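# predicted model and sequence follow; I will ask about them next.
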Protein chains: 2
Amino acid sequence: MDIEAKHIAKRSENLSDWYTDVILKGELADYAPVRGCMVYREYGYAIWERVKKLLGQRIIDAGHSDVYYPLLIPKSLLMKEAAHIEGFSPEVAWVTIGGGEKLAEPLAIRPTSEVIIGTMWAKWIGSYRDLPILQNQWANVVRWEKATRPFLRTLEFLWQEGHTAHRTEDEAREETRLILDIYRDFAVDDLSMAVLAGKKSESEKFAGAVETYAIEGMMPDGKALQCGTSHFLGQNFAKAFEIKFLDDDNTEKLVWTTSWGVSHRIVGGLIMQHGDDNGLILPPRVAPTQVVIVPILYDETKTQVLEAAEKLRLLLKSHSAFDEPIRVLADLDENTKPGFKFSKWELKGVPVRLEIGPKDLAKSQVMAVTRDNRNKRALSFDLGAGAFKFDELTGLLAGVQERLRERASQELSSRLYKVESFDEFKEAVMGKGFAVAAWDGTDETEAAVKEATSATVRVLKKGVTSGKVACVYSGRPARYVAYWGQSY
Amino acid sequence: MDIEAKHIAKRSENLSDWYTDVILKGELADYAPVRGCMVYREYGYAIWERVKKLLGQRIIDAGHSDVYYPLLIPKSLLMKEAAHIEGFSPEVAWVTIGGGEKLAEPLAIRPTSEVIIGTMWAKWIGSYRDLPILQNQWANVVRWEKATRPFLRTLEFLWQEGHTAHRTEDEAREETRLILDIYRDFAVDDLSMAVLAGKKSESEKFAGAVETYAIEGMMPDGKALQCGTSHFLGQNFAKAFEIKFLDDDNTEKLVWTTSWGVSHRIVGGLIMQHGDDNGLILPPRVAPTQVVIVPILYDETKTQVLEAAEKLRLLLKSHSAFDEPIRVLADLDENTKPGFKFSKWELKGVPVRLEIGPKDLAKSQVMAVTRDNRNKRALSFDLGAGAFKFDELTGLLAGVQERLRERASQELSSRLYKVESFDEFKEAVMGKGFAVAAWDGTDETEAAVKEATSATVRVLKKGVTSGKVACVYSGRPARYVAYWGQSY
């Protein structure tokens, strides 16, 4: 692993090359021998495990339980909900041979699990007492995509998919919005990302949904990345799979269902929103390593400094930041120079670096450098007494978390362009950011705008307009104000 | 969910029906709409998550890191290692259509991941400094099995598969044995299971391995269940995939690799080893719920008792057993009688039940019942002061964990039959348990014994025999003493 060779493209000049470089040279992931699939290396998978832990806890805390449904779905089941199969059929990978024989019925590798879950619920649900069902699974799914990029769009991807069944429409709608809030809070609080949360247009909704809500992030190239979706499915799947319950009025009714998912795509968004020309910058809550200790080694003082670094590591390990033990690593390799280590851990986005050399030891201190702004300050560390100012360190971590959030938020705000003419609209969405523009709400206008600019409605702004505003494209009375943008 | 209807078959009379009953009626899992696949319900998946946590921590503590490799494997890769493809080819599920088109090359759903991992390692490994590679992944795999049963044998199954690459043969052999120890310790210490650990015979080894080691449990019907395997792969995969490194003597060498796995099958073994006629008995370390609180409700004292039960739940939640917060649940449903709740949680195998009624409250106590022996004792609980004897409760939990281990261990020991004639051998392996018998070490003998008794070598006893002992079947000088048994 030659650190000197790890020059990466500049994020400020070529986002696309930079993105590929940090993933490959930062050893997050690699291309698999199957087109469009990726291999998670240790560091990349550790980030995904942090996502699982943080988002997973929010989902569990909201009353859901983890389950696991099968990977393979008989073709006949996938065909039961008309809009669903129309949307997913072109993307399905089909298993046609098993155990050396052609299968009587082809099996789909799940592109999502509504249909197999609906089948089981129809069997399990008897009365209103069995409701609500609040389930979540962490799983792999396959969708046959054409153009792929690590994390952002891959044939196989890892995600969580939540599925719930309710007694009433109100309860299901409330669940849909609750999940949207959870997704937004997770993205903002845990990942320090800036996202817009809102309802999607008809053309962008999930195949089989009545309404789809989403969180959308803006990437440094001004394009949108959909980072999570929450669907109100109405009774569409309940009808198709006959998911009924006996209500307390002794009549049989159809349940109301929701589904919602966040995939590893959000890791792609995290990477793009927070990096700089030196590589990744990971918010401390999600960083697999929050603190890296780099000893500054000279022959005469080597033993002493290595011991101090290891002692510091053990001290930090037993303390907490954000209510979890500090994730700390000491890079004690004696064959690599400090400068190389600095570059390596900057590329990997570790939020805080602690440098410790003989001079620091003499002064009973370590030098702390925060990754996002490269600010350097001395923290007192009394090796003999094992005394370290943990509050100062956790303060530094909290500072990185907060500054990244603030920066992302400002970046998004500054690139939302309120436009009133289609010329302004085009200028906004073609490279600058999102347009905030009135829309007559018709599919035709959305299609025409997409044709002209590649931009689509990312999410609708809350509230219906009065009708006195004119659609930015058609000039007809507007039904909505929407956020428009090109997207990944 | 009608508890009254949940009569289950007696374990002492019909193990097979009992096994199916506890899984279906205990709501651990259900049959999927795809032949041979299962659905994990909340409780069953919670057990699997405990397995992941406990075994996963042991694997991480031994220096491995989690990664994730793709689900789909090009046919050409699977064909590279001759023994491997010969072993797995008949069991593969093939994807032949993707994105609406016939694929140029069929893709296998991974039956195991050696070949795709080998391909990546060949790319990543440069010098001896890159070694060892110590990786593990938790994943789903598919093998086209004919006869299937939940957990024990399913088309899709969940497992962990570890893969390591080493500089030397010794190091790889040491890793193979280290993992066998980890598997045995996990089974014994965490799952309270009794297992035999040792080397497999040639005919039973993994396709592509030089040597396979396994842990084998004995089920109540006397049959063996292989619960985990650790393979020394030599340089077989290194040769097939050209996984080379530059050593410090400046010559290029092939790495030495291992692989090892434990699947959800071990949950099947856990269920079978520990149940009784009333249902499951889960060892507290792996039980999703360690303690269930059942209030005894009467109209006049209902409010008071429900409050006490909830207060007790909160108290317990904030205390630890086995270094983790106690997993406690209060069954406060007012429409269900205590007796039904007792049956329900006994069926699900919760290790300790705490009953609390008005009389208990008056005496400042709760009644504790341990699941395995139904022993009942009062534990003092001062509601006003919030004082509870946590040590006594954790002692009860430790007692269940230990008694289950002891019972399983005695059960296994008592059913190992040292036999010296083939008649004794047959009697031992046909319904009673395992035969411990001398073997000439030849494939022909093993095949003939299997033909006559359905029993095979489960694992070899340590050490080669002197040659003075005669093979129980052929009468020729024995090379090994082996544990023989019929198996799942």
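Looks like it came in fine. Residues are numbered from 1 along each chain as shown, chains lettered A, B, ... in the order given.

# show me chain A divided up by domain.
Per automatic domain parsing, the structural domains of chain A span A:3-274, A:291-400, A:416-485.

# now do the helices in chain A.
A:15-25, A:42-61, A:75-78, A:82-88, A:114-124, A:169-185, A:236-241, A:265-274, A:302-317, A:338-347, A:358-362, A:390-414, A:422-427, A:443-453 (DSSP state H).

# and those helices: which comes nearest B:Phe388?
helix A:42-61 (25.2 Å; CB to CB). Where you see a C-beta, it was placed from the backbone N, CA and C, and this is true even at glycine.

# which positions within that closest one qualify as buried?
Buried residues in helix A:42-61, counting neighbours by 16 or more other CB atoms under 10 Å in any protein chain shown, are found at A:42-51, A:54-56, A:58-59.

# of these, which ones also sit close to chain B?
Restricting these to those near chain B by CB under 8 Å from any CB of the partner chain leaves A:Glu42, A:Tyr45, A:Ala46, A:Trp48, A:Glu49.

# in a markdown table: the domains of chain A, plus mean pLDDT.
Formatted as a markdown table, those follow (pLDDT from 0 to 100):
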| stretch | mean pLDDT |
| --- | --- |
| domain A:3-274 | 96 |
| domain A:291-400 | 96 |
| domain A:416-485 | 94 |
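
# what's near enough to touch A:Met367?
Residues near A:Met367 by CB atoms under 8 Å, 6 or more residues apart in numbering or on different chains: A:Leu354, A:Glu355, A:Ile356, A:Asp360, A:Lys376, A:Arg377, A:Ala378, A:Leu379.

# ok, those residues vs chain B, which is closest?
The nearest member of those to chain B, counting by CB to the nearest CB, is A:Leu354 at 22.7 Å.

# can you pull up the bridge partners for that closest one?
Beta bridges link A:Leu354 to A:Ile293, A:Ala368 when assigned by DSSP bridges.

# these two touch, right, it and A:Ala368?
Yes: judged on CB atoms under 8 Å, A:Leu354 makes contact with A:Ala368 at a distance of 5.5 Å.

# related to what we said a few turns ago, just send the helices of chain A back as JSON lines, with distance to B:Lys461 too.
Output for the helices of chain A, formatted as JSON lines (distance: least, CB to CB, whole Å):
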{"stretch": "helix A:15-25", "distance to B:Lys461": "49"}
{"stretch": "helix A:42-61", "distance to B:Lys461": "38"}
{"stretch": "helix A:75-78", "distance to B:Lys461": "50"}
{"stretch": "helix A:82-88", "distance to B:Lys461": "54"}
{"stretch": "helix A:114-124", "distance to B:Lys461": "46"}
{"stretch": "helix A:169-185", "distance to B:Lys461": "55"}
{"stretch": "helix A:236-241", "distance to B:Lys461": "54"}
{"stretch": "helix A:265-274", "distance to B:Lys461": "49"}
{"stretch": "helix A:302-317", "distance to B:Lys461": "42"}
{"stretch": "helix A:338-347", "distance to B:Lys461": "49"}
{"stretch": "helix A:358-362", "distance to B:Lys461": "56"}
{"stretch": "helix A:390-414", "distance to B:Lys461": "53"}
{"stretch": "helix A:422-427", "distance to B:Lys461": "79"}
{"stretch": "helix A:443-453", "distance to B:Lys461": "72"}
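
# quick one: closest of the ones you listed to B:Glu411.
Closest among the helices of chain A, once you apply CB to CB, is helix A:114-124, at 35.1 Å.

# list the residues that contact A:His231.
A:Thr176, A:Lys205, A:Phe206, A:Gly208, A:Ala209, A:Val210, A:Glu211, A:Thr212, A:Tyr213, A:Thr258, A:Ser259, A:Trp260.

# what residues are up against whichever residue of the stretch 101-250 of chain A sits closest to chain B?
Nearest residue of the stretch 101-250 of chain A to chain B, counting by CB to the nearest CB: A:Trp144, 3.5 Å away. The neighbourhood of A:Trp144, defined by CB under 8 Å, 6+ apart, consists of A:Pro90, A:Glu91, A:Val92, A:Ala93, A:Leu155, B:Gly98, B:Gly99, B:Gly100.

# from those residues, which is closest to B:His319?
Nearest to B:His319 out of the contacts of A:Trp144 is A:Leu155 (CB to CB; 46.9 Å).

# contacts only, for that closest one.
The neighbours of A:Leu155, taking CB under 8 Å, 6+ apart as the test, are A:Val34, A:Arg35, A:Gly36, A:Cys37, A:Ala93, A:Val142, A:Arg143, A:Trp144, A:Glu145, A:Thr148, B:Leu72, B:Gly98.

# can you pick out the ones from those residues that are in strands?
A:Ala93, A:Val142, B:Leu72, B:Gly98 (DSSP state E).

# what's the farthest-apart pair in these?
Farthest apart among the ones in strands among the contacts of A:Leu155 - using CB to CB - are B:Leu72 and B:Gly98, which lie 9.1 Å from each other.

# mutual contacts of these two, please.
By CB under 8 Å, 6+ apart, the residues touching both B:Leu72 and B:Gly98 are A:Ala93, A:Leu155, B:Leu107.

# before we move on, the earlier item: got JSON lines for the contacts of A:His231, with distance to chain B too?
As requested, the contacts of A:His231 are exported to JSON lines (distance: CB to the nearest CB, whole Å):
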{"residue": "A:Thr176", "distance to chain B": "22"}
{"residue": "A:Lys205", "distance to chain B": "22"}
{"residue": "A:Phe206", "distance to chain B": "19"}
{"residue": "A:Gly208", "distance to chain B": "18"}
{"residue": "A:Ala209", "distance to chain B": "23"}
{"residue": "A:Val210", "distance to chain B": "25"}
{"residue": "A:Glu211", "distance to chain B": "27"}
{"residue": "A:Thr212", "distance to chain B": "23"}
{"residue": "A:Tyr213", "distance to chain B": "26"}
{"residue": "A:Thr258", "distance to chain B": "18"}
{"residue": "A:Ser259", "distance to chain B": "16"}
{"residue": "A:Trp260", "distance to chain B": "18"}
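
# who wins on neighbours among those residues?
With neighbours taken as other CB atoms under 10 Å in any protein chain shown, the top of the contacts of A:His231 is A:Thr258, carrying 29 neighbours.

# surely that residue meets A:Glu174?
No: using CB under 8 Å, A:Thr258 makes no contact with A:Glu174, being 9.4 Å away.

# common neighbours of those two, please.
Joint contacts of A:Thr258 and A:Glu174 (CB under 8 Å, 6+ apart) do not exist.

# could you measure from A:Glu424 over to chain B?
According to CB to the nearest CB, to the nearest Å, A:Glu424 and chain B sit 38 Å apart.

# residues contacting that residue?
A:Tyr417, A:Ala435 are the contacts of A:Glu424 under CB under 8 Å, 6+ apart.

# A:Arg458 versus that one, what's the distance?
Distance, A:Glu424 to A:Arg458, using CB to CB, to the nearest Å: 17 Å.

# same deal with A:Val34?
31 Å.

# kindly report the same for A:Leu397.
Note on A:Leu397: its distance to A:Arg458, by CB to CB, is 32 Å.

# between these two, who's got more neighbours?
Taking neighbours as other CB under 10 Å, A:Leu397 and A:Arg458 compare with A:Arg458 leading, 27 against 21.

# what sits against that one?
A:Leu196, A:Lys200, A:Ala214, A:Glu216, A:Ala224, A:Gln226, A:Phe434, A:Ala482, A:Tyr483, A:Trp484, A:Gly485, A:Ser487.
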